[in-house]
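>>> Take a look and give me a structure for this.
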Amino acid sequence: MARYTGPKSKIARRFKDPIFGPDKTLDKKNYGPGQHGPNKRRGKQSEYAIQLAEKQKAKYTYGILERQFSNMFDRASRMKGITGENLLILCESRLDNTVFRLGISTTRRGARQLVSHKHITVNGSVVNIPSYTCKIGDVIGVREKSKSLEAISDSLTKKKNNFDWLDWNSSGMEGKILALPSREMIPENIKEQLIVELYSK
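Got it, this is the predicted structure:
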């Protein structure tokens, strides 16, 4: 299963945003990576470079590679509504992201691993496809045999955020999708209009 496995702090420093979660390296070195560090003179970026960077940022944030992201954009452009918002909604509706939002894992990378290793169920059946698109009414839970996993219990203990489009049942260790998230419900710092402009060229 293809996924990005390279350095995370280096990418976060490139975008000056903790896209993989809290990052001490980014706090210490809030400038771009590279041997010249903060002394490197950076010229004015072209419009294309800004748009491309925003697309790369979205891909790294959600852990999606180019072909899959491009297909997702095509699907978003055929949906009713605003294409950029549709794209983010499709990203948020992925099973690995939903597991992350429910607090079953503290990171999307960890959520992806839980799904791949068959620890997660959808409507009572095990689903091991991280890109599976969740729908309204779906119930995402932890498989019975996996409820005692330390990684899951630790993550749920640290759970801070609750999202209006998700309903979490702590006793059953499962969550239900009440609605698809609107743009206001998505906290990611992504300028989706720049991505739309890039793909529209």
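>>> Enumerate every residue touching residue 92.
Counting by C-beta atoms under 8 Å, 6 or more residues apart in numbering, residue 92 touches 98, 101, 180-181, 186. To be clear about C-beta, it is placed using only N, CA and C from the backbone, and glycine gets the same treatment.
>>> Which single one of these is nearest to residue 53?
Of all these, the one with the least separation from residue 53 (C-beta to C-beta) is residue 186, at 19.1 Å.
>>> so that closest one sits right up against residue 86, yeah?
No: proximity of residue 186 to residue 86 does not meet the contact threshold set by C-beta atoms under 8 Å, at 11.8 Å.
>>> which residue sits closest to residue 156 in space, ignoring its chain neighbours?
Leaving aside its sequence neighbours, residue 156 sits nearest to residue 103 (C-beta to C-beta, 6 or more residues apart in numbering; 5.7 Å).
>>> Give me the pLDDT value at that neighbour.
What the model reports for residue 103 is a pLDDT of 94.
>>> any idea how far it lies from residue 168?
In this view, residue 103 and residue 168 are 7 Å apart by C-beta to C-beta, to the nearest Å.
>>> Counting neighbours, go ahead and name the busier of these two.
Just comparing residue 103 and residue 168: by other C-beta atoms under 10 Å the higher neighbour count belongs to residue 103, 22 against 18.
>>> before we move on, the earlier item: give the residue from residue 186 and residue 86 that has the larger number of neighbours.
A direct count of neighbours by other C-beta under 10 Å for residue 186 and residue 86 places residue 86 higher, at 22 against 18.
>>> So the protein: which segments form each domain?
Taking automatic domain parsing as the reference, the chain has its domains at 8-37+45-90, 95-183.
>>> Format the ones you listed as a markdown table; extra columns: distance to residue 191.
Shown next, in a markdown table, are the domains of the chain (distance: least, C-beta to C-beta, whole Å):
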| stretch | distance to residue 191 |
| --- | --- |
| domain 8-37+45-90 | 5 |
| domain 95-183 | 11 |
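>>> weakest of those in terms of mean pLDDT?
Here these differ in mean pLDDT, and the lowest is domain 8-37+45-90 at a mean of 80.
>>> OK, contacts around residue 138?
122-123, 176-177.
>>> re earlier: which of the contacts of residue 92 lies closest to residue 127?
residue 98 (10.8 Å).
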